[in-house]
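J.: Using only what follows, build the 3D model:
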Amino acid sequence: MKAVVFAGPTIPASDVALILEATYLPPVSHGDVYRISLERPLAIGIIDGYFEHQPAVWHKEILWALHEGIHVFGAASMGALRAAELTPFGMVGVGAIYEAYRDGVLEDDDEVALVHGSEETGYRVGSDALVNIRATLEKARAENVLDDHSATALVRVAKSLHYSERTYAALIERALDAGLAESILEDWRRWLPTGAVDQKRADAIAMLRAMRACLDSGAAPAPVNFVFEDALWWNELRTHAAEIGVARDDARVLEALFHDPAHHARTIAAALGWQLAAEDARRDGATVEAARLVERASELCRRLDLPDAAALERWLVDNRTTRAGLEQLIESSATAERASSLRGDRLIPTLLHYLRWSGDYVRLLDGRTVITPPRE
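T.: Below is the predicted model of the structure:
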């Protein structure tokens, strides 16, 4: 993974792909930068981010990514806010919006905020960001569509609206109520379809090009000029981020499994067998000898080609589990094996039923090897 971009309403994935080869992720929120940094991308780009209905990305996790030697870029929206605050620590800000925050021209977070739909809707936008309105009014003034007084008054009116209510239609209506000349507003309204500026998109594109140039040049991250201080609440974030990340990945795996009926049936049958074996063991008070657990662990490492501790650690990360989870896996496998040997012939009728259900009965009868196809 070379690059990761967090974006949503500002620029779609299809447009990101035209500029930069990257993994495209939804708007960033609390814990996301930490989670993706564990996969060691060369660069992270932050464009959009959540801040109201979900906890916002923490400065600390961006600092951690920088400390780990990852280039971190920001622009347009949440990225511009965080870059303006973390420029002294090595985060790279790009674009006019970032510069306005960095220089103190803009201060309020609501300047970049807007209402948008979910990922399923393509992040359909329901309001206009104030930074875009400001850029549009400045262009209208430069092109003599608006005079200085009208443009200034419209900025003031736009700022008075809650970010969720900021649309050009609402702005014109509120400006009329405030006493601005109808003729001037009508001229501006007719100009808007071709004259409106999307400054957030322009800045996002500039950031993507800066990321591409950085990666193409093979530039090494600048040495960090700060000491990353560990803390209790930072460890809590790491734990929480890991739990959320595993839950999301588990959901993705289960959804993919559900869409493959044959694989789903085989997996359900096997999992049910393991669960029933565990229940039998608990009911009978049976345990698996420690020596057998060690043997099962060795068998797992041989089968999965895990020759050393480093390979095992990578497997734990790839499978979103821990050493404790691995121990539970080995114990479940060993318990299922023990239950199978104890049940002996009693299991055979059910086994034959399942072979007929899966289609493997005929293949085995004909002497054909039963191969479970690999899963992407």
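
J.: Tell me where the stretch 251-376 of the chain has helices.
T.: 261-284, 290-303, 309-318, 323-343, 348-358, 360-365 (DSSP state H, counting those that start in this stretch).

J.: quick one, the second one and helix 323-343 angle?
T.: By that I understand helix 290-303. Interaxial angle of helix 290-303 relative to helix 323-343 (axes from the mean of the first three to the mean of the last three C-alpha atoms, to 10 degrees): 110 degrees.

J.: now helix 290-303, how far from the centre of its chain.
T.: 35 Å (C-alpha atoms, centre = their mean, to the nearest Å).

J.: quick one: contacts of it?
T.: With contacts defined as C-beta atoms under 8 Å, 6 or more residues apart in numbering, helix 290-303 is touched by Leu306, Pro307, Leu312, Leu329, Ile330, Glu331, Ser333, Ala334, Glu337, Arg338. All C-beta atoms are positioned from the backbone trio N, CA, C, and that covers glycine.

J.: The same query, at a cut-off of 6 Å, please.
T.: For helix 290-303, contacts defined as C-beta atoms under 6 Å, 6 or more residues apart in numbering pick out Ile330, Ser333, Ala334.

J.: give me the number of residues near the closest residue to Leu312 other than its chain neighbours?
T.: Leaving out its chain neighbours, the residue that sits closest to Leu312 by C-beta to C-beta, 6 or more residues apart in numbering is Leu306, at 4.9 Å. When neighbours are defined as other C-beta atoms under 10 Å, Leu306 has 17 of them.

J.: Ranking by neighbours, what's the top pick from the contacts of helix 290-303?
T.: Most surrounded of the contacts of helix 290-303: other C-beta under 10 Å gives Ala334, at 22 neighbours.

J.: I'd like the distance between it and Arg82.
T.: Ala334 sits at a distance of 48 Å from Arg82 (criterion: C-beta to C-beta, to the nearest Å).

J.: ditto for Gly195
T.: For Gly195, the distance to Arg82 - C-beta to C-beta - is 30 Å.

J.: Which one's more surrounded, the two?
T.: Set Gly195 next to Arg82 and count neighbours by other C-beta under 10 Å: Arg82 wins out with 25 against 13.

J.: who touches that one in this structure?
T.: Gly74.

J.: quick one: it from Ser160, how far?
T.: 27 Å.

J.: and if you look at Asp284?
T.: 73 Å.

J.: what's Gly90 in contact with, if anything?
T.: Gly90 neighbours (C-beta under 6 Å, 6+ apart): Leu66, Ala222.

J.: switch to 10 Å and redo it
T.: Contacts for Gly90 (C-beta atoms under 10 Å, 6 or more residues apart in numbering) come out as 62-63, 65-67, 70-72, 221-226.

J.: Between these, which sits nearest Ala175?
T.: Nearest to Ala175 out of the contacts of Gly90 is Ile62 (C-beta to C-beta; 38.6 Å).

J.: Per-residue pLDDT of the closest one, please?
T.: Ile62 is assigned a pLDDT of 91 by the prediction.

J.: What strand or helix carries it?
T.: helix 59-67 (DSSP states H and E).

J.: Now that helix: buried residues?
T.: Of all the residues in helix 59-67, those buried under the rule 16 or more other C-beta atoms under 10 Å are Lys60, Glu61, Ile62, Leu63, Trp64, Ala65, Leu66, His67.

J.: quick one: the first one from Phe226, how far?
T.: The reference is to Lys60. The value you get for Lys60 to Phe226, if C-beta to C-beta is used, is 11 Å.

J.: ok, the closest residue to Val197 other than its chain neighbours - how many residues close by?
T.: Spatially, and ignoring its direct neighbours in sequence, Val197 is nearest to Ala135 (4.0 Å; C-beta to C-beta, 6+ apart). By the criterion of other C-beta under 10 Å, Ala135 has 20 neighbours.
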